[in-house]
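**Student:** Here is a sequence together with a model predicted from it:
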Amino acid sequence: MMVSFTLAELSATLDVPVRAGIGSQHDRPADQLIIDGLATLENARPGKLSFLSNPRYSQQLSACQASAVIVHPEMAGATQLPCLLSKSPYVTYAKASQLFAAAVAHQRPRTALQTGIHPSAVVSVDAVIGADVCVGPHVVIEAGARIGAGSYIGAGAYIGSGVSLGVDCVIYANVTVYHDVVMGDRVMVHAGAVLGADGFGFAFDGQRSVKIAQLGSVRIGSDVEIGAGTCIDRGALDDTVIGDGVKIDNQVQIGHNCMVGDHTVICGCTALAGSTRIGRYCVIGGGVGITGHLSITDRVTVSAMSMVTQSITKPGLYSSGTLLQESSIWKRNVVTLGKLSELSRTVRNIKRQLDQTGLPPPGHDYDEH
Amino acid sequence: MMVSFTLAELSATLDVPVRAGIGSQHDRPADQLIIDGLATLENARPGKLSFLSNPRYSQQLSACQASAVIVHPEMAGATQLPCLLSKSPYVTYAKASQLFAAAVAHQRPRTALQTGIHPSAVVSVDAVIGADVCVGPHVVIEAGARIGAGSYIGAGAYIGSGVSLGVDCVIYANVTVYHDVVMGDRVMVHAGAVLGADGFGFAFDGQRSVKIAQLGSVRIGSDVEIGAGTCIDRGALDDTVIGDGVKIDNQVQIGHNCMVGDHTVICGCTALAGSTRIGRYCVIGGGVGITGHLSITDRVTVSAMSMVTQSITKPGLYSSGTLLQESSIWKRNVVTLGKLSELSRTVRNIKRQLDQTGLPPPGHDYDEH
Amino acid sequence: MMVSFTLAELSATLDVPVRAGIGSQHDRPADQLIIDGLATLENARPGKLSFLSNPRYSQQLSACQASAVIVHPEMAGATQLPCLLSKSPYVTYAKASQLFAAAVAHQRPRTALQTGIHPSAVVSVDAVIGADVCVGPHVVIEAGARIGAGSYIGAGAYIGSGVSLGVDCVIYANVTVYHDVVMGDRVMVHAGAVLGADGFGFAFDGQRSVKIAQLGSVRIGSDVEIGAGTCIDRGALDDTVIGDGVKIDNQVQIGHNCMVGDHTVICGCTALAGSTRIGRYCVIGGGVGITGHLSITDRVTVSAMSMVTQSITKPGLYSSGTLLQESSIWKRNVVTLGKLSELSRTVRNIKRQLDQTGLPPPGHDYDEH
């Protein structure tokens, strides 16, 4: 079973022009080329469409065996292959990938493509299920829940009471959504994610931790994707809020009462402690830790594994952490680091001592950077 | 549908006195004020009860629109609103939050409030189910398991053979409890948590990793809360042990044969490697990593994202890691850090060179701290 | 109910010789000693078999109350207890642990030991289920899936369309396997793991993130163990690949298109960003973060919580991070670290100043290491 498009069909659907191949081996009209899949420059074979988005890989173009390639018009001279010319080759590739995904999906027997409620699902009579919804086997949907038209609820997922999903949402298998969580349209939640569990709130009375009931909920915008195993806790009093277009990778932890601005991207294994606000169009790398009650402005990028303990008021690129070294060298450096403040004081004292002696200063300021 | 209490009812239940409001706008007797919810100082509206626990926020008191506020008696002068006077406003707020949570829950149609075994659940005839237990849809309870009275097992949860739960436990949806795990009373386990999976133990024979069967189990005390997606592995030979009153946040990983002392709090995404012992009343911040076979004494606080590679024998506050900087500055510093040991040696040599020359020492020791 | 072996039986099965006990208390022939379990040196009681693998613990031998102990022949002189003599005591212990685990399992009423398909499972007529397979309650197996002979699928697990499992695989409860994931033989996947969710790929078009359909899959070799809550994402175009004998702990995140070489071990909470290649026989500690598109050669060990941002071409032991300190000291050092590049420049200038003055150099190079 094969899925294919002609290059002309792809050109029309993706709204990018074709440039014919150059040289004698391209005797078939480019428009009629049959494309049956996507591939990297390195692994492409005849029949595949590849793409060049990062000029770093332009050397791979010459040896590429794809039938055609998506390139920026300015890079078209670097290849004799037939091209789709796009000012954003990576975006065009993304759109093409969706075409092939949809085509494949329609030929595969998957539960996701059937509508209706599986007889093993337990759906409250007080839930409202929209048109063309698929409710998989062993799903539970509690009273008061509303599932928007075209949505898919995967096997074993739990949808708590009062939950509201917009249209065309995709909830994968074994997801748990606690009561009253609200999602917009086209939200995709991967397997094992947990939305709306209690925020981690306790008041210590001197003897033990007294639980603070988490009376808020979680509100998620539209066009949000949430990765496998990710947890977003419900708010203590107000809601935890995820904006439109936010993309969250796997195993991310978002504490109660956080607010994540529209179109921000959060990579895997990152954790936000409670009540932190992240702006719009931020990119938070993987494994980042952000402590509570901070505010991060729009368009901030934080590199992987950074520790954020103060608010960020200026857009830009931020980092923390130390670089990997052979352990023997690392140990020596890190032991010295443990006495760094002393070292700094020693240097300051030496400098003062020299300043007092009247030695001539060095000829010019030396800086290797 | 509204839930409300009079301020007098709250005063009686929470065991804290009322102080009437000050000024003409408070003509209604404070006792008869109707409180229909809790809110932060910032977002409170009439009808809500707010609280001031951190004096940092005392400025927000003056503009607060709540109908009443929980304050420390010494702070009561800072507001004209009717007050509940508590020496521990945060604990009183916690207890109030539980009142509203229970009230709300009794008015909402939730599975949790119904007792009995859902017909879709698969419960072994050799399991012992206590009185007033709720077993949700698609739950599996294996032979030899014992579920204490008043417990709730959420949809899709798996309770392995020989598992024992005390009374009033709450196991949320899609939790997995492996065989023979033991829990005390009032344990709450959030969705997706996994208790009792095999510890990560292998013996490398030079060619491959030979699995060490994990023959111990997990023992969990009473009044423990375990967050969503958290994993606590079973022991290799002895058990992994979690003390009474321990609170564990989401996505925490606790390796085999760890022991966590009573009333210790572990924040999200923290990981304990195997055989580590943590004392009582510790607070381990989020994203912390603790290597194996360590011992941490009572009342230790470790700040977020710290790396703990040695035992801690003295109570106190500990940290590691580096602070966030703009990446260009960070890079320069971190490259220098990679040569820190050399820098330190250079400074020591300079100091010796100066000491040998007989230059006069600096007038006094300079230290900016 | 007890399980026991004679020491002679263990000797034969584990292929290690017995050395009799020394002294009058060992009047029973060593071969006929009854061993009913394994225990640590510290906690062993009569009837138990213990082991000494790390010479650090050899002091515990003298007080050990086990009935017998697994030791290296060179350590046999350190104890009067009956011994099993093994050149790899830890491997022999591992194999012994499997004996006791299997014995225990056969006496316990567990679902895992029954074959057949539970009536509550939803198995597609187009799935192929091998001989002696156990499909637990509430499992879902989609069309085109193939489950190899002797495999066990735990309660609530989801096996997507086209998934292929080899023989004797063990999939614990509430695991989710997305469509077309392929596993070899004897793969064990712990509860809550998610295999084959979409890789985290988006093309930013200036306004929003356009999803890149993840058209690859995940290929997992034989004899692989995957921990609870671990996520391995499917590839964008090519597959994500996990080699034979790889052992992955809990809550590990493996991004799309990563390749992990045979027999590599990855400890808990570690994250690999996309397209990174790890060699064979590596050991990646817990909480490590590895950024994308790197290549790590064979036999590399990375210590816990390290940040890997560059490829590693030489086998060895690598680390990053900073050591834990009391927070007041840490703060001082870490603030200085934020100005480390300046400090280094100051030192270089001082050195130049001294070199220009003609002061005599220090008598010898001083280095405390």
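**Tutor:** Right, received. Where do you want to start? Keep in mind that what you see is a predicted model, and the values were worked out from it rather than measured.

**Student:** dump the residue contacts of A:Val175.
**Tutor:** A:154, A:157-158, A:189-195 (C-beta atoms under 8 Å, 6 or more residues apart in numbering or on different chains). (C-beta placed from N, C-alpha, C; glycine too.)

**Student:** Show the model's pLDDT score for it.
**Tutor:** If you check A:Val175, the pLDDT there is 98.

**Student:** Next, it: phi, psi?
**Tutor:** phi -80, psi 150 (degrees, to the nearest 10).

**Student:** How about it, nearest residue that isn't a chain neighbour?
**Tutor:** A:Ala157 (4.5 Å; C-beta to C-beta, 6 or more residues apart in numbering or on different chains).

**Student:** circling back to that earlier point, keep only those of the contacts of A:Val175 that are in strands.
**Tutor:** By the criterion of DSSP state E, membership of the contacts of A:Val175 in strands covers A:158, A:189, A:194-195.

**Student:** filter the residues you listed by proximity to chain B?
**Tutor:** Counting by C-beta under 8 Å from any C-beta of the partner chain, A:158, A:194 from those sit close to chain B.

**Student:** pLDDT and distance to chain C for the ones in strands among the contacts of A:Val175 - can I get that in CSV?
**Tutor:** Converted to CSV, the ones in strands among the contacts of A:Val175 look like this (pLDDT from 0 to 100; distance: C-beta to the nearest C-beta, whole Å):
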residue, pLDDT, distance to chain C
A:Tyr158, 98, 11
A:Val189, 97, 10
A:Val194, 98, 10
A:Leu195, 98, 15
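
**Student:** Distance of the residue lying closest to A:His263 once chain neighbours are set aside relative to chain B?
**Tutor:** Excluding its sequence neighbours, the residue lying closest to A:His263 (C-beta to C-beta, 6+ apart) is A:Gly245, at 4.1 Å. If you measure A:Gly245 against chain B using C-beta to the nearest C-beta, to the nearest Å, the figure is 24 Å.

**Student:** What are the neighbouring residues in contact with A:Gly245?
**Tutor:** With C-beta under 8 Å, 6+ apart, A:Gly245 has these contacts: A:221-224, A:262-263, C:208-209.

**Student:** Sort out which of those are in helices and list them.
**Tutor:** Using DSSP state H, no member of these sits in helices.

**Student:** can you tell me the distance between the two ends of stretch A:295-311?
**Tutor:** Start-to-end span of stretch A:295-311 (C-alpha to C-alpha, to the nearest Å) is 5 Å.

**Student:** That stretch close to chain C?
**Tutor:** Yes: interface with chain C: stretch A:295-311 contributes A:304-305 (C-beta under 8 Å from any C-beta).

**Student:** again, but for stretch A:144-152
**Tutor:** No: Stretch A:144-152 lies out of reach of chain C by C-beta under 8 Å from any C-beta, never closer than 13.2 Å.

**Student:** Could you write out the alpha-carbon coordinates of that stretch in CSV?
**Tutor:** In CSV, the C-alpha atoms belonging to stretch A:144-152 read as follows (Å, rounded to 0.1, in the frame of the first residue of the first chain):
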residue,chain,number,x,y,z
GLY,A,144,-20.9,17.2,33.1
ALA,A,145,-18.0,16.7,30.7
ARG,A,146,-18.3,18.1,27.2
ILE,A,147,-16.4,16.7,24.3
GLY,A,148,-16.3,18.9,21.2
ALA,A,149,-17.1,17.7,17.8
GLY,A,150,-14.5,15.7,16.0
SER,A,151,-12.5,14.9,19.1
TYR,A,152,-10.8,11.6,19.7
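
**Student:** What are the buried residues along it?
**Tutor:** A:144-148, A:150-152 (16 or more other C-beta atoms under 10 Å in any protein chain shown).

**Student:** on that earlier part again, sec struct for the residue nearest to A:His263, please.
**Tutor:** coil (DSSP: H, G, I helix; E, B strand; the rest coil).

**Student:** cool, A:Ile329 as well?
**Tutor:** helix.

**Student:** what sits against it?
**Tutor:** Per C-beta under 8 Å, 6+ apart, neighbours of A:Ile329: B:338, B:341.

**Student:** Flag the shaky bits of chain A, pLDDT-wise.
**Tutor:** A:1, A:24-27, A:103-113, A:358-369 (pLDDT under 70).
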